[in-house]
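1. Would you be able to build a 3D model of this:
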Amino acid sequence: MRVSRLMLVTLRDDPAEAEIPSHKLLLRGGYMRRVASGVYAYLPLLWRVLSKISAIVRQEMDATGALETLLPARQPASLWERSGRWQGYTAGEGIMFHLVDRQERSLGLGPTHEEVISALAADLLRSYRQLPVTLYQIQTKFRDEIRPRFGLMRGREFIMKDGYSFHADEADLRLTYQRMDQAYRRIFSRCGLRTVAVEADSGAIGGSASQEFMVTADAGEDLILSSADGRYAANQERACSLPEPAVPLVPTAAEAVELHTPDQHSIEALCAAHGCEPSQTVKVLLLLARCAKGQPRAVL
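-> Okay, here's the model as predicted:
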């Protein structure tokens, strides 16, 4: 196809809204245009790129035996109320766009599809002989971000691949999880992305374990913490650390020792003044409370 037929319009300067290099290049190169805050039109060049990425995702997911489906973006509030997540996703700073139709029924634009797929599975799966089942989709998602930014990285409307599986036992679940792990690694490799697999917090979605594949970059909103040997990595919300072994305290006398601690308001200052280690100390706070009869009472 001739470039003149691609509806390709480039920009000479960086748009004021663009903060990071990828956002600037996508706008200046004529790949997309901003329609509203956090909402972009995918122009022909970008759609060709997204179609190629979608093809890679479909090939690798189909190779695992997963079945592609397409679930509704508009979801009834009743499903979310049954799961107990409607209030959390819509109240206050909740990320779900929600509305009321002409029949006065509450609806939400899906940021995720656990409720819908679980209701379908309850209706369609009648026997353990039908298990395991893995379904996935590539679909538009909606999230009412408080502050959309970074272009496609944090928007209010975006294309996402999500998958859901059902199993007769935990052993089968783990086997499918391993297959998905390898499929994701192949997808990223074919797309030319170098990723780091890290432990993550499941958040509002819930679950006993969560793993994220991250691409290291100067732009981003998360911090990865990893061990020196590279065997452990987690994001900032999920990372756990092991304390250093405690240093044994050698008693200097049978009696208790009274230490004077003027202007020593922290463990660090105390240790520096008296030549001890933090693991050899215990911090105790003394609070003064008043009981019902107004008499003071010391409380540890």
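
2. Test my guess that Ile20 contacts Phe150.
-> Yes. Between Ile20 and Phe150 there is a contact at 5.5 Å, judged by C-beta atoms under 8 Å. Bear in mind the C-beta positions are built from the backbone N, C-alpha and C, glycine included.

3. Give the residues shared as contacts by the two.
-> Ala219 (C-beta atoms under 8 Å, 6 or more residues apart in numbering).

4. neighbours around the nearest residue to Leu270 once chain neighbours are set aside, how many?
-> For Leu270, ignoring the flanking residues on the chain, the nearest one in space by C-beta to C-beta, 6 or more residues apart in numbering is Gln264 at 4.8 Å. Number of residues near Gln264 (other C-beta atoms under 10 Å) recorded here: 15.

5. what about Gln264, which helix or strand?
-> Using DSSP states H and E, Gln264 is not contained in any helix or strand.

6. for it, phi and psi?
-> When read as degrees, to the nearest 10, the backbone of Gln264 gives phi -110, psi 90.

7. Over to Ala269?
-> Main-chain torsions, Ala269, degrees, to the nearest 10: phi -70, psi -40.

8. which ones are touching it?
-> Contacts for Ala269 (C-beta under 8 Å, 6+ apart) come out as Asp263.

9. Same question for Thr195.
-> Arg185, Phe188, Phe213, Met214, Val215.

10. for Glu199, same thing?
-> Contacts for Glu199 (C-beta under 8 Å, 6+ apart) come out as Ala209, Ser210, Gln211, Glu212, Ala233, Ala234, Asn235, Arg238, Ala239.

11. pLDDT-wise, what's the bottom of the residues you listed?
-> For the contacts of Glu199, the model is least confident at Ala209; its pLDDT is 72.

12. Surely it is within a helix?
-> No. Counting by DSSP: H, G, I helix; E, B strand; the rest coil, one finds Ala209 to be coil, located in no helix.

13. any idea how far Glu268 is from it?
-> 36 Å (C-beta to C-beta, to the nearest Å).

14. With Arg156 instead?
-> 45 Å.

15. Looking at the two, which is more packed in?
-> Neighbour count, other C-beta under 10 Å: between Arg156 and Glu268, Arg156 has more, with 18 against 10.

16. Quick check: phi and psi at the more buried one.
-> The phi/psi pair for Arg156 (degrees, to the nearest 10) is phi -100, psi -20.
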